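Asker: have a look at this prediction, sequence included:
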Amino acid sequence: MAMQFTVENFEKEVLGSDVPVLVDFWAEWCGPCRMLAPVIESLAGKAGGAYKVGKVNVDEQPDLARRYGIMSIPTVLLFKNGQLADKSVGLVPESKLAAMLK
């Protein structure tokens, strides 16, 4: 299951992670976000400790959305070694997000 990232745990769980972290910026009212949710959950289920997958609700965590310049959702960011390594905007297939993790 995908983790829930907040301002309180983002530093530790994402920026301080020793494995890559895929972060889905989403909102409840966003149709494409709801369509992407099963893809995010699928990737989370396949992680096996090789990477982390989590979600940031932009309505509940507007500071995180601003910090990373999220202008449209869904936006998925990949962090490696505490640094932004890749970005995907919009509804994309699981294969594209899986390729980002490689």
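Answerer: Alright, I've got the coordinates.
Asker: so where do the helices sit in this structure?
Answerer: In the chain, the helices defined using DSSP state H lie at 7-10, 31-46, 62-67, 94-101.
Asker: what residues are bridge-paired with the residue lying closest to F79 once chain neighbours are set aside?
Answerer: Leaving aside its chain neighbours, F79 sits nearest to V21 (4.6 Å; criterion: Cβ to Cβ, 6 or more residues apart in numbering). C-beta: built from backbone N, CA, C; applies to glycine. V21 forms beta bridges with K52, F79, as assigned by DSSP bridges.
Asker: pLDDT at V21, what is it?
Answerer: According to the prediction, V21 has pLDDT 98.
Asker: burial count for it?
Answerer: 25 (other Cβ atoms under 10 Å).
Asker: that one against G54, yeah?
Answerer: Yes: applying Cβ atoms under 8 Å as the test, V21 and G54 come out as touching, 6.8 Å apart.
Asker: and for those two, which residues touch both?
Answerer: E13, V14 (Cβ atoms under 8 Å, 6 or more residues apart in numbering).
Asker: for the spatially most central residue of the chain, give me its contacts.
Answerer: Closest residue to the average C-alpha location of the chain: V23 at 1.3 Å, with Cα atoms, centre = their mean. Contact partners of V23, counting by Cβ under 8 Å, 6+ apart, are F5, V14, G54, K55, V56, V76, L77, L78, F79.
Asker: what sits against the nearest residue to A65 once chain neighbours are set aside?
Answerer: Leaving aside its chain neighbours, A65 sits nearest to V58 (4.2 Å; criterion: Cβ to Cβ, 6+ apart). Going by Cβ under 8 Å, 6+ apart, V58 touches F25, W26, A27, L64, A65, I70, I73.
Asker: need the per-residue pLDDT for the first one.
Answerer: Per-residue confidence for F25 comes out at a pLDDT of 98.
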